[in-house]
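Trainee: Output the structure for:
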Amino acid sequence: EFRRTLIVREVARQLTENIAVSEIEARVFYDENREALIGAAQWRVREIVVPTKEEAANILGQILVGTDFAQMARQHSKGETAANGGDLGFITEEPFPQMGNTLLSLEVGGVSGVFKGPDGYYIAKLEEKKGGEQIEFEEIKEDIIQSQTLLKQQQVILADMDDLRNQLQQARDTVRQLIGEEDSEERKFTLSEAKIDHIRREILEHIEGDAAEKIMPILDRLKRIPTIRLLKKYRSLVDQIAEKLDKRVELLIEDPDETELTPEFFHRLDPLFLHVIRNAIDHGIEQPEERLQSGKDAVAKICLKFRKHDGGLKITIFDDGRGIDTELLRKVGLERGFIRPENAQRMSREDILRLLFIPGFSSAKTVSDLSGRGVGLDVVKTELEKMGGRMRLITKTGLGTTFEFFLQSSHNSPTR
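Mentor: Now for the predicted structure:
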């Protein structure tokens with residue numbers, strides 16, 4: 001870090017060593033900003049502070065008929081300045097807002113009326129006023145040159161950084177063209193499996209022994225992308241669906257093990273995630289008013305979490321919605337002939353939840369254009385099994401629903 005800091009400083013020095021603002025440029029800046037270059041006003045003020053409004057009014061009456069303000073301050077003021085006739089000296093900022101408003105309304109030599117302040121009732125006198133006038137160029141010339149030189153140097157550095165960023169962008173695009181990759185977020189700095197396999201065959205054909213074996217793990221790494229990058233698109237998806245349904249939903253993404261996936265493997269999981277997330281927002285998450293009435297936060301949570309598990313991958317999708325009503329499932333199962341009447345009451349909670357994985361079963365009262373999309377939970381389960389995985393469903397009425405996907409491999413797409 002220290003070495004990097006020194007390098008950055010040296011580069012910045014070389015870029016800016018001959019850059020400075022001339023006196024002519026400073027004069028132009030001064031002329032353009034003359035109206036704003038006004039010196040701070042200073043007021044010399046005396047004060048009298050007493051505990052009651054009536055006492056303050058009494059004192060003010062005596063001052064107005066000719067009694068000396070400083071004398072009255074020494075005799076009656078309870079403030080810290082009483083001993084020196086209430087003299088606050090020259091001030092550039094008002095001690096409190098009411099004092100500031102009062103001073104602005106006074107001419108030099110003027111005495112205020114009674115006004116309330118933090119320590120009681122006040123009377124103020126403006127003895128003298130100075131400042132608040134145009135600052136001459138010579139007074140601030142060096143300050144202008146120094147500040148404008150710094151600004152000019154910063155602009156040069158930023159322009160150089162922008163140029164460097166453009167060069168890096170061009171270099172990245174050139175590399176992508178050379179390796180034949182699409183310019184997409186999820187494939188950034190990765191190679192397709194087909195390209196990797198081609199390179200692998202070339203290496204095995206032309207390189208022998210330990211060298212080839214050492215290269216193979218590097219090639220495998222090129223196939224994979226950090227999972228967290230692949231999941232970025234779900235945030236906007238959740239926002240869009242929630243907005244359409246007048247719901248408020250926050251998506252949390254957790255990947256503490258920093259897992260990685262191949263694009264091909266992720267593309268098989270993607271429609272499964274989409275179905276579960278759409279279902280959660282469409283059917284599981286309550287309207288904000290309903291959530292508030294049940295003691296929940298108006299903003300619902302969906303959590304998508306990836307963890308390494310027994311040499312493979314465990315994916316959890318949780319929502320804190322209303323959960324799945326198993327009694328409703330039992331009723332729908334009876335009505336549609338999925339459950340025999342004699343078995344209905346003997347079925348366990350787990351048995352009833354298994355109905356959701358039967359092709360054609362649905363408990364939705366209306367058909368939604370958000371959930372489903374041609375993929376039901378039966379298809380989710382079947383596809384996971386084709387990938388060598390399994391699925392578990394956990395739900396608690398009023399608290400939410402959790403889908404757990406267990407996959408044997410998180411890096412390579414298993415054979416269908």
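
Trainee: going forward, measure contacts and count neighbours with C-alpha atoms only.
Mentor: Fine.

Trainee: Out of the helices and strands in the protein, which is least certain?
Mentor: Least confident helix or strand, the chain: helix 210-223 with a mean of 66, by mean pLDDT, DSSP states H and E.

Trainee: Do a quick rundown of the strands in the stretch 301-416 of the chain.
Mentor: With DSSP state E, counting those that start in this stretch, the ranges of strands along the stretch 301-416 of the chain come out as 312-319, 390-396, 400-407.

Trainee: Residue 71 is nearest to which of these?
Mentor: Minimum separation from residue 71 across the strands of the stretch 301-416 of the chain (CA to CA) falls at strand 312-319, 75.5 Å.

Trainee: ok, now how distant is residue 389 from residue 323?
Mentor: Applying CA to CA, to the nearest Å, the value for residue 389 to residue 323 is 24 Å.

Trainee: Also residue 161?
Mentor: Applying CA to CA, the value for residue 161 to residue 323 is 52 Å.

Trainee: So if I had to pick from the two, which one is more boxed in?
Mentor: The residue with more neighbours, out of residue 161 and residue 323, is residue 323; 21 against 12, by other CA atoms under 10 Å.

Trainee: Could you verify my assumption that residue 405 touches residue 388?
Mentor: No: with contact defined as CA atoms under 8 Å, residue 405 does not reach residue 388; the gap is 10.7 Å.

Trainee: who has more neighbours, those two?
Mentor: residue 405 (20 against 16).

Trainee: Would you reformat the strands of the stretch 301-416 of the chain as a markdown table and include mean pLDDT?
Mentor: Listed next are the strands of the stretch 301-416 of the chain as a markdown table, based on pLDDT from 0 to 100:
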| stretch | mean pLDDT |
| --- | --- |
| strand 312-319 | 94 |
| strand 390-396 | 92 |
| strand 400-407 | 94 |
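
Trainee: Would you format those strands as a markdown table with distance to residue 37 included?
Mentor: Output for the strands of the stretch 301-416 of the chain, formatted as a markdown table (distance: least, CA to CA, whole Å):
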| stretch | distance to residue 37 |
| --- | --- |
| strand 312-319 | 58 |
| strand 390-396 | 67 |
| strand 400-407 | 62 |
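
Trainee: Residue 12: which of those is closest?
Mentor: Evaluated over the strands of the stretch 301-416 of the chain, closeness to residue 12 peaks at strand 312-319, with 46.6 Å, by CA to CA.

Trainee: mind listing what the closest one pairs with, with the direction of each?
Mentor: Strand pairing for strand 312-319, using DSSP bridges, gives strand 300-309 (antiparallel), strand 400-407 (antiparallel).

Trainee: mean confidence score for the first one?
Mentor: Right, the one you point to is strand 300-309. When pLDDT is averaged along strand 300-309, the result is 94.

Trainee: In it, which residues are buried?
Mentor: 300, 301, 302, 303, 304, 305, 306, 307, 308 (16 or more other CA atoms under 10 Å).

Trainee: The residue nearest to the first one when sequence neighbours are not counted - how many residues pack around it?
Mentor: Counting by CA to CA, 6 or more residues apart in numbering, residue 249 is the residue found nearest to residue 300 once chain neighbours are left out, at 4.6 Å. The local packing count at residue 249 equals 24, with neighbours defined by other CA under 10 Å.

Trainee: and residue 249, what is it in contact with?
Mentor: By CA atoms under 8 Å, 6 or more residues apart in numbering, residue 249 lies in contact with 238, 239, 242, 281, 299, 300, 301, 302.

Trainee: so where do the strands sit in the stretch 101-250 of the chain?
Mentor: Assigned by DSSP E, counting those that start in this stretch, the stretch 101-250 of the chain shows strands spanning 115-117, 120-130, 225-226, 249-254.

Trainee: Tell me which of the ones you listed sits most buried.
Mentor: Across the strands of the stretch 101-250 of the chain, averaging neighbours per residue (mean count of other CA atoms under 10 Å) puts strand 120-130 on top, at a mean of 20.

Trainee: export the buried residues of strand 300-309 to JSON lines and tack on distance to residue 29?
Mentor: JSON lines is the format used below for the buried residues of strand 300-309 (distance: CA to CA, whole Å):
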{"residue": "300", "distance to residue 29": "54"}
{"residue": "301", "distance to residue 29": "53"}
{"residue": "302", "distance to residue 29": "54"}
{"residue": "303", "distance to residue 29": "54"}
{"residue": "304", "distance to residue 29": "55"}
{"residue": "305", "distance to residue 29": "56"}
{"residue": "306", "distance to residue 29": "57"}
{"residue": "307", "distance to residue 29": "59"}
{"residue": "308", "distance to residue 29": "61"}
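
Trainee: Show me which pair in the residues you listed is furthest apart.
Mentor: Greatest spatial distance among the buried residues of strand 300-309 (CA to CA): 300 and 308, at 26.5 Å.

Trainee: mind checking how far stretch 119-128 is from the chain centre?
Mentor: A distance of 48 Å separates the centroid of the chain from that of stretch 119-128, by CA atoms, centre = their mean, to the nearest Å.

Trainee: residue contacts, the residue lying closest to residue 303 once chain neighbours are set aside?
Mentor: Sequence neighbours aside, residue 252 is the residue nearest to residue 303 in space, at 4.6 Å (criterion: CA to CA, 6+ apart). Contact analysis of residue 252 by CA under 8 Å, 6+ apart lists 301, 302, 303, 304.
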